[in-house]
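Peer 1: show me how the following folds:
(2 chains)
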Number of protein chains: 2
Amino acid sequence: MQKNEMIELLQIQYPIIQAPMAGGITTAELVAAVSNHGGLGSIGAGYLTPNQLQEQISQVKHLTTKPFSVNLFVPNEIITSEKEINRAIQLLQPIRDKLQVPNVSIDFPCSESVMKIFEEQIRIVIEEKVPICSFTFGLPSNDLIVKLKQHNTILIGTATTVTEAIELEKVGMDLIVIQGSEAGGHRGNFIHDVQESLVGLMSLIPQVVDHVSIPVIAAGGIMDGRGLMASICLGAKGVQMGTAFLTCKESGAHLLHKETILQSNEEQTVLTRSFSGKWARGVKNKFMTEMKEHEKAVPEYPVQNLLTQSIRKVAAKRNDKEYMSLWSGQSPRLAKNETVEILMKRVINEARNIELL
Amino acid sequence: MQKNEMIELLQIQYPIIQAPMAGGITTAELVAAVSNHGGLGSIGAGYLTPNQLQEQISQVKHLTTKPFSVNLFVPNEIITSEKEINRAIQLLQPIRDKLQVPNVSIDFPCSESVMKIFEEQIRIVIEEKVPICSFTFGLPSNDLIVKLKQHNTILIGTATTVTEAIELEKVGMDLIVIQGSEAGGHRGNFIHDVQESLVGLMSLIPQVVDHVSIPVIAAGGIMDGRGLMASICLGAKGVQMGTAFLTCKESGAHLLHKETILQSNEEQTVLTRSFSGKWARGVKNKFMTEMKEHEKAVPEYPVQNLLTQSIRKVAAKRNDKEYMSLWSGQSPRLAKNETVEILMKRVINEARNIELL
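Peer 2: Now for the predicted structure:
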């Protein structure tokens, strides 16, 4: 495979990033396996405490000497009210009752404490000399960007529109992941609203590459060599794949989550904000359907996420997929349950075997 | 460019179809220019009476000896009520008043009369020996398919999901256009609902080609050689482009429609059903915004389409783009105002110059 700017910046063999899926999916085994087989493994650290992050970084370092990345959520200001929270608690009560989820008291963080955790996470990325740090949900402050750059950390931002991509280049990101409407999990939009941000990669990649000069990485629905080569044709330098790695043997996703994706069709992945307060794509289930009517009224992330946490935990323990968050991109029919090694080799072989006109 | 099944079936030089945009856009000049320059021109005949269709076919035949196609809307059963129609009239009244649109009496067709027109349109396609006939919004009856096949008409269906594509292959279509969520104009979903049908091409193409054996043509957001080659990588045999041809010199689209697309961004094309009663993608304007709240309640196509017709006509005459339907796919930044000849040559050159890994 030819060298390109993405491969050179990240010092990897193949232009493939494993998407930083948060919530226990990106085990050290998954991250290290991707890096060991020529891609870029990524720790989805959005929900990790600084201590948990440090622990996971050292686990990954035990398993690989290759570059890997840490992905962080850029904190958004938390705007909510007791009234809004109480209403959301009420809306969730019938589900708690049905699943016998004990009521727990929740410490809702303030904007300042979330920002403090974010700064701590960055301190650890620097201390541990993690070579690459990626961001979702917005722009880190200039101070933090300068600090990371002083330590030669390569920075990756996430955009869903041309305007967002231009902003990321302006603040100093080295590469941009552009997230198409096909993508599973949380939408990364931070300037445009979610409806405006739902642009398919066939449209989004060429429009973005015409407006920025740093390397663009395509994300959303890409599962195999066909998606990789299509992204390259459109002007991307490589791809980021989430769902494709989620169903791999090494991933920490719940077995039912993997099985559900392996049995789903493209029309079954829909958008919801009922789980976390941020819009995200996953396989439709009862939780989404029951909350549908109210989803626009639930509190923003991270408040709603904390409110549904105990429900999702109990559902996972009971193997009840109807109340778990089953994030998936729009290509579940292309998912396989294989090892990272086999997936990586397959994608590269498929890409090499594509015949053009 | 290498031969493939699509090019051979359609007897064209390049794997490019001009999308059959209804409503005066596909002038005989546009259709003939596309066919004369190696693609497949298509008459968007959805709104044409049998006489108008016959007239346009003979105009196209005057301008080209190459194959071209006629696209027809498969009629859906019309289910509405006086109450629903009156409510819709009321909702539109403030807009009529503002634009001083005279009240006109409308003859609402019944399902039977719409079906009769459709059968007449097909009779003309056969009489005029149009080589290719394409369909949107569903499956023609078996009788009609048999009749067309007896006259060696090549048939193209339109699908938005794998299931819809499989159905089209089953009933005997020779090729399938798959419409990604990126596409402008009306959604072609006929089995799944509109939300389920909004799958990006990066996901949709490979999943469809894995499940059908007839040639697949990608449609939605494709504007240049990058989109053409990406579609081929994903497994399509060619592309259908709408917005790219809409802004061409030969297209009959309103000048303001062309200008609006040429000045728009990807996040500005949104879905609405307020214009016609069917979901469609276009550049956001005041009509969409003012009707937003009620759009799920307006009568189905063709009723709402007839109710808004006079508004759209007056707006077009007055050059008021805020109340015209400004259909566009998600790639308006890639639109150019050039001749069909230049567009075709550019796309093919760009495609040939793409370097892979």
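
Peer 1: can you give me phi and psi for the closest residue to A:Val347 other than its chain neighbours?
Peer 2: Among residues not flanking A:Val347 along the chain, A:Gly225 sits closest, at 5.0 Å (CB to CB, 6 or more residues apart in numbering or on different chains). (Each C-beta comes from the backbone N, C-alpha and C, glycine too.) For A:Gly225, the backbone dihedrals (degrees, to the nearest 10) come out as phi -60, psi -30.

Peer 1: contacts only, for A:Gly225.
Peer 2: Contact partners of A:Gly225, counting by CB atoms under 8 Å, 6 or more residues apart in numbering or on different chains, are A:Arg346, A:Val347, A:Ile348, A:Asn349, A:Glu350, A:Ala351, A:Arg352, A:Asn353, A:Ile354.

Peer 1: what's the separation between the last one and chain B?
Peer 2: Yep, that's A:Ile354 we're talking about. For A:Ile354, the distance to chain B equals 5 Å [CB to the nearest CB, to the nearest Å].

Peer 1: then the third one?
Peer 2: For A:Ile348, the distance to chain B under the criterion CB to the nearest CB works out to 9 Å.

Peer 1: A:Lys286 now?
Peer 2: A:Lys286 is 17 Å from chain B, where distance means CB to the nearest CB.

Peer 1: leaving out sequence neighbours, find the closest residue to the residue of the stretch 51-200 of chain A found nearest chain B.
Peer 2: Nearest residue of the stretch 51-200 of chain A to chain B: A:Gly200, at 3.3 Å (CB to the nearest CB). The shortest distance from A:Gly200 to any non-neighbouring residue, by CB to CB, 6+ apart, is to B:Gly200 (3.3 Å).

Peer 1: so what pLDDT did that neighbour get?
Peer 2: Note for B:Gly200: predicted pLDDT of 98.

Peer 1: likewise for A:Met1?
Peer 2: 61.

Peer 1: ditto for A:Arg312
Peer 2: What the model reports for A:Arg312 is a pLDDT of 97.

Peer 1: I'd say it and A:Glu322 touch.
Peer 2: No - in terms of CB atoms under 8 Å, A:Arg312 does not count as a neighbour of A:Glu322; the distance is 11.2 Å.

Peer 1: can you pick out the residue with more neighbours from these two?
Peer 2: Counted by other CB atoms under 10 Å in any protein chain shown, A:Arg312 and A:Glu322 do not tie: A:Arg312 has more neighbours, with 20 against 16.

Peer 1: buried residues, the helix or strand harbouring A:Met115. List them.
Peer 2: Following DSSP states H and E, the helix or strand that holds A:Met115 is helix A:111-127. Neighbour counts over helix A:111-127 (16 or more other CB atoms under 10 Å in any protein chain shown) mark A:Val114, A:Ile117, A:Phe118, A:Glu119, A:Gln121, A:Ile122, A:Ile124, A:Val125, A:Ile126 as buried.

Peer 1: check what pLDDT the fourth one gets.
Peer 2: On pLDDT, A:Glu119 comes in at 97.

Peer 1: pLDDT score for the closest residue to it other than its chain neighbours?
Peer 2: Nearest non-adjacent residue to A:Glu119, counting by CB to CB, 6+ apart: A:Leu144, 7.1 Å away. Here the pLDDT value assigned to A:Leu144 is 97.

Peer 1: hang on, A:Leu144 is in a helix, isn't it?
Peer 2: Yes - according to DSSP: H, G, I helix; E, B strand; the rest coil, A:Leu144 belongs to a helix.

Peer 1: picking that back up, count the residues that sit near the residue of the stretch 51-200 of chain A closest to chain B.
Peer 2: Residues lying near A:Gly200 (other CB under 10 Å) number 30.

Peer 1: quick one: contacts for it?
Peer 2: Residues in contact with A:Gly200, defined by CB under 8 Å, 6+ apart, are A:180-182, A:220, B:180-182, B:200-202, B:220-221, B:330.

Peer 1: follow-up on the earlier one: any idea how far the helix holding A:Met115 is from the chain center?
Peer 2: Remark: helix A:111-127 is offset 19 Å from the chain centroid, using CA atoms, centre = their mean, to the nearest Å.

Peer 1: moving C-terminal of that helix, what's the next helix or strand?
Peer 2: Using DSSP H and E, the helix or strand that follows helix A:111-127 in sequence is strand A:132-136.

Peer 1: mean confidence score for stretch A:254-264?
Peer 2: On average, stretch A:254-264 scores 98.

Peer 1: what's the pLDDT at the closest residue to A:Glu169 other than its chain neighbours?
Peer 2: Leaving aside its chain neighbours, A:Glu169 sits nearest to A:Val212 (4.7 Å; criterion: CB to CB, 6+ apart). We have a pLDDT of 98 for A:Val212.

Peer 1: also A:Val104?
Peer 2: On the pLDDT scale, A:Val104 gets 83.

Peer 1: what's around the residue lying closest to it once chain neighbours are set aside, how many residues?
Peer 2: In space, and not counting its chain neighbours, A:Val104 is closest to A:Ser310: 5.4 Å by CB to CB, 6+ apart. The local packing of A:Ser310 (other CB under 10 Å) involves 17 other residues.

Peer 1: for A:Ser310, give its distance to chain B.
Peer 2: Going from A:Ser310 to chain B by CB to the nearest CB gives 29 Å.

Peer 1: hmm, A:Gln100 and that residue touching each other?
Peer 2: No - the criterion here is CB under 8 Å, and A:Ser310 misses it with A:Gln100 at 11.0 Å.

Peer 1: list the helices and strands the helix or strand hosting the residue nearest to A:Val104 packs on?
Peer 2: In this assignment (DSSP H and E), A:Ser310 forms part of helix A:303-317. Packed against helix A:303-317, as judged by 3 or more CB pairs under 8 Å, 6 or more residues apart in numbering or on different chains; DSSP states H and E, are the following elements: helix A:82-99.
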